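Asker: no FASTA, just this:
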């Protein structure tokens, strides 16, 4: 179990292995930083809008960095679905 904080909200996440801990924390810090950057540019307090725009920016960057590989896109989508389920579960427990 690890607790991350993104955009001033805490999310407890269950990990499959202790090795994931540092990676999850690092990714959460990157997402938090990007959300704050985007929020400062669009000047909104709507965290959902900021999250969606952040996701779109990160997806675009991923596509540009990988050349849009279908295999990698599928892996990213599978990983994203896993984390979305974990965050949805954490939100439902609040």
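Answerer: Perfect, thanks for sending it. Remember, predicted model here, so these are calculated numbers, not experimental data.
Asker: CA only for contacts and neighbour counts going forward, please
Answerer: Noted.
Asker: Show the pLDDT at the residue nearest the centre of the chain.
Answerer: In the chain, the C-alpha nearest the mean C-alpha coordinate belongs to residue 31, at 5.5 Å (C-alpha atoms, centre = their mean). The predicted structure scores residue 31 at 94 on the pLDDT scale.
Asker: Find the nearest non-adjacent residue to it, please.
Answerer: Nearest non-adjacent residue to residue 31, counting by C-alpha to C-alpha, 6 or more residues apart in numbering: residue 6, 6.9 Å away.
Asker: which residues touch that neighbour?
Answerer: Taking C-alpha atoms under 8 Å, 6 or more residues apart in numbering as the contact definition, residue 6 lies against 28, 29, 31, 32.
Asker: cool, residue 9 as well?
Answerer: Contacts of residue 9 (C-alpha under 8 Å, 6+ apart): none.
Asker: Please report the distance of it from residue 44.
Answerer: 16 Å (C-alpha to C-alpha, to the nearest Å).
Asker: Could you do residue 61 as well?
Answerer: From residue 61 to residue 44 the distance is 23 Å (C-alpha to C-alpha).
Asker: before we move on, back to that, which of the contacts of residue 6 fall within helices?
Answerer: When DSSP state H defines the helices, the subset of the contacts of residue 6 inside them is 28, 29, 31, 32.
Asker: Can you flag the buried ones in these?
Answerer: Buried positions within those, assessed by neighbour count (16 or more other C-alpha atoms under 10 Å), are 28, 29, 31, 32.
Asker: Which residue ranges of this protein form strands?
Answerer: 2-6, 9-13 (DSSP state E).
Asker: can you list the ones you listed in TSV and add distance to residue 20 and mean pLDDT?
Answerer: Shown next, in TSV, are the strands of the chain (distance: least, C-alpha to C-alpha, whole Å; pLDDT from 0 to 100):
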stretch	distance to residue 20	mean pLDDT
strand 2-6	9	95
strand 9-13	11	93
